[in-house]
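Engineer: pasted the sequence and its predicted model underneath.
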Amino acid sequence: MEKIKPLLLVEALAAGNDSGLGNMTRLFVDGLRGLAGTADIMVILPRAGAYKPPPGFRFVSVTAKPLRVWTQLSFPLLIKRVQPAAVLCLGQNLPWWRPAAKYALAIADAGPLEDLGWPTSSHDPYNRRWLRRMAPKADAIVAISEFTKARLISLLGLPADRIRVVRPIRPLRWESGTGSPGGVAAAPVAEGGPATGGHPPGDYFLALGNIEPRKNFPGLIAAYALLKKKHPDAPPLYIAGHKAWGYGETASAIARHGLAASVRLTGYLSDADRRAYLVHCRVYVASSLYEGWGLPLFEALAEGKPAIYHAGSSQEEFARGSALAVDCRDPGRLAEAMETLWTDTAARDRLAADRAERFPGILTFDLEASLSAALRPLLGTPD
């Protein structure tokens, strides 16, 4: 008689979200294919979402509104009904009432626990209280970087052996265009194929991310204003992302510096356009002051682009030496870095040489194996 596979129930409601959390969620669900031979996988997805999990997975579409009520009431009732061996929560929330099962919690960043001083939807007091109270109750925690793991240990006092790091890196063996939609780092252009979306003509600086406070877009605009003052012929700056809760301050910064003709807020870009914008930019600027990993910068480096990032952030794990590190809180320093990568061929060549040496090794990280290793003990299956 064939042995019955244990059931892994996966809460993936963030798959309908275009933020970093949504990108992580889609990538991690795709990465569960490494468990497909030993576990039956059922994925909970938002109704009418475009994302579909890999073939062979079961999925249930739900309308999770209001989200917090659904997570704390409907989700536990579903768990009780299907009786999984283990539950993977990809939305940074565990239900208060947890029917019998082993629970794994994926955490994209420790921002809700930090004293950042930024009014953001994901880092509000509710999420801070909930993560502080519920994360220690998880049987296992999956963090997306060593930086996030270290912050969780420091802020929650969690033992290191309960936190597994699974980096959000798309395996090179996954075929382009299958599984994960855009927002997931792929191979460099030479392996990933040509970009087919639309993009601006000529040279331009590019920043990607939802327009919210921690992305530091007003600071980037202030730096760009200094660059334009010194070099009126500097290429335009494009900021691509949803016009979220930092849009007003960012738009005000553009007006205050008189840059309406030079700084373009694109709003949401399709997957194809996002890739094309990255492939064809002159310089990529990751001005964000706090990240759990830094997927947009990772994507830029995977495409071979000269790039700038905030020194000392989580992005050091993959960008040190391959991109220019500066204090992005200082507009003067950031402006100098932008000028350097725009005008200094030797500086760009030095970074390109480092990327050629370091980055291929980073891209070989085995997400499927790491995710499987984190979850197999909860399913009762051997490594």
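Structural biologist: On my side now, so go ahead. What you are looking at is a predicted structure, and each value in this text was computed from that prediction instead of being measured. Numbering: from 1, shown residues only.

Engineer: drop to CA atoms for contacts and neighbour counts, all remaining ones
Structural biologist: Will do.

Engineer: show me where the protein dips below the pLDDT cut-off.
Structural biologist: 1-3, 118-124, 173-195, 382-383 (pLDDT under 70).

Engineer: how is it partitioned into domains?
Structural biologist: What the record gives for the chain is the domain set 7-166, 189-363, from automatic domain parsing.

Engineer: what about residue 38, which SS state?
Structural biologist: For residue 38, the assignment made with DSSP: H, G, I helix; E, B strand; the rest coil gives coil.

Engineer: for it, give me its contacts.
Structural biologist: 5, 6, 381 (CA atoms under 8 Å, 6 or more residues apart in numbering).

Engineer: would you agree the first one is in contact with residue 35?
Structural biologist: No: between residue 5 and residue 35 there is no contact, the gap being 10.4 Å when judged by CA atoms under 8 Å.

Engineer: who's more crowded, the two?
Structural biologist: Taking neighbours as other CA atoms under 10 Å, residue 5 and residue 35 compare with residue 35 leading, 19 against 15.

Engineer: without its sequence neighbours, what residue ends up closest to the more buried one?
Structural biologist: In space, and not counting its chain neighbours, residue 35 is closest to residue 372: 5.9 Å by CA to CA, 6 or more residues apart in numbering.

Engineer: next, please give the residue ranges for the helices of the stretch 1-150 of the chain.
Structural biologist: Here the stretch 1-150 of the chain has its helices, by DSSP state H, counting those that start in this stretch, at 20-31, 67-69, 75-82, 125-134, 146-156.

Engineer: most tightly surrounded among these?
Structural biologist: helix 20-31 (a mean of 24; mean count of other CA atoms under 10 Å).

Engineer: C-alpha coordinates for that one, CSV please?
Structural biologist: Only the C-alpha atoms of helix 20-31 are listed here, as CSV (Å, rounded to 0.1, in the frame of the first residue of the first chain):
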residue,chain,number,x,y,z
GLY,A,20,8.2,42.7,-1.6
LEU,A,21,6.0,40.4,0.7
GLY,A,22,3.9,39.4,-2.3
ASN,A,23,7.0,38.7,-4.4
MET,A,24,8.4,36.6,-1.6
THR,A,25,5.1,34.7,-1.2
ARG,A,26,4.9,33.7,-4.9
LEU,A,27,8.6,32.7,-4.9
PHE,A,28,8.3,30.6,-1.8
VAL,A,29,5.1,28.8,-3.0
ASP,A,30,7.0,28.0,-6.2
GLY,A,31,9.9,26.8,-4.1
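
Engineer: ok, back up a step: can I get the helices of the stretch 1-150 of the chain in CSV with distance to residue 199?
Structural biologist: Formatted as CSV, these follow (distance: least, CA to CA, whole Å):
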stretch, distance to residue 199
helix 20-31, 22
helix 67-69, 35
helix 75-82, 41
helix 125-134, 37
helix 146-156, 33
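
Engineer: so which of these comes closest to residue 201?
Structural biologist: helix 20-31 (27.3 Å; CA to CA).

Engineer: check the offset of stretch 159-169 from the chain's centre.
Structural biologist: With CA atoms, centre = their mean, to the nearest Å as the basis, stretch 159-169 stands 15 Å off its chain's centre.

Engineer: so which bits of stretch 331-342 are buried?
Structural biologist: For stretch 331-342, the neighbour count (16 or more other CA atoms under 10 Å) marks 331, 332, 334, 335, 336, 337, 338, 339, 341, 342 as buried.

Engineer: let me know the closest of those to residue 196.
Structural biologist: The closest of the buried residues of stretch 331-342, once distances to residue 196 are taken by CA to CA, is residue 342, at 24.6 Å.

Engineer: ok so, going back, can I get the contacts of residue 38 in a markdown table with distance to residue 248?
Structural biologist: Converted to a markdown table, the contacts of residue 38 look like this (distance: CA to CA, whole Å):
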| residue | distance to residue 248 |
| --- | --- |
| 5 | 51 |
| 6 | 49 |
| 381 | 51 |
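
Engineer: which stretches of the stretch 1-150 of the chain form strands?
Structural biologist: 7-11, 40-46, 58-62, 86-89, 102-107, 140-143 (DSSP state E, counting those that start in this stretch).

Engineer: can you redo the ones you listed as TSV with distance to residue 240 and mean neighbour count?
Structural biologist: Converted to TSV, the strands of the stretch 1-150 of the chain look like this (distance: least, CA to CA, whole Å; neighbours: other CA atoms under 10 Å):
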stretch	distance to residue 240	mean neighbour count
strand 7-11	28	24
strand 40-46	25	21
strand 58-62	30	14
strand 86-89	29	26
strand 102-107	25	25
strand 140-143	26	25
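
Engineer: how about the strands in the stretch 201-350 of the chain?
Structural biologist: 205-208, 237-240, 263-267, 283-286, 307-310, 324-326.

Engineer: got the ones you listed as a markdown table, with mean neighbour count and distance to residue 19 columns?
Structural biologist: Converted to a markdown table, the strands of the stretch 201-350 of the chain look like this (neighbours: other CA atoms under 10 Å; distance: least, CA to CA, whole Å):
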| stretch | mean neighbour count | distance to residue 19 |
| --- | --- | --- |
| strand 205-208 | 25 | 11 |
| strand 237-240 | 22 | 12 |
| strand 263-267 | 17 | 13 |
| strand 283-286 | 27 | 15 |
| strand 307-310 | 25 | 19 |
| strand 324-326 | 20 | 24 |
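
Engineer: export those to a markdown table and append columns for distance to residue 62.
Structural biologist: Shown next, in a markdown table, are the strands of the stretch 201-350 of the chain (distance: least, CA to CA, whole Å):
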| stretch | distance to residue 62 |
| --- | --- |
| strand 205-208 | 30 |
| strand 237-240 | 30 |
| strand 263-267 | 27 |
| strand 283-286 | 35 |
| strand 307-310 | 38 |
| strand 324-326 | 43 |
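
Engineer: can I get the strands of the stretch 1-150 of the chain in CSV with distance to residue 68?
Structural biologist: Below are these laid out as CSV (distance: least, CA to CA, whole Å):
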stretch, distance to residue 68
strand 7-11, 13
strand 40-46, 14
strand 58-62, 14
strand 86-89, 14
strand 102-107, 16
strand 140-143, 21
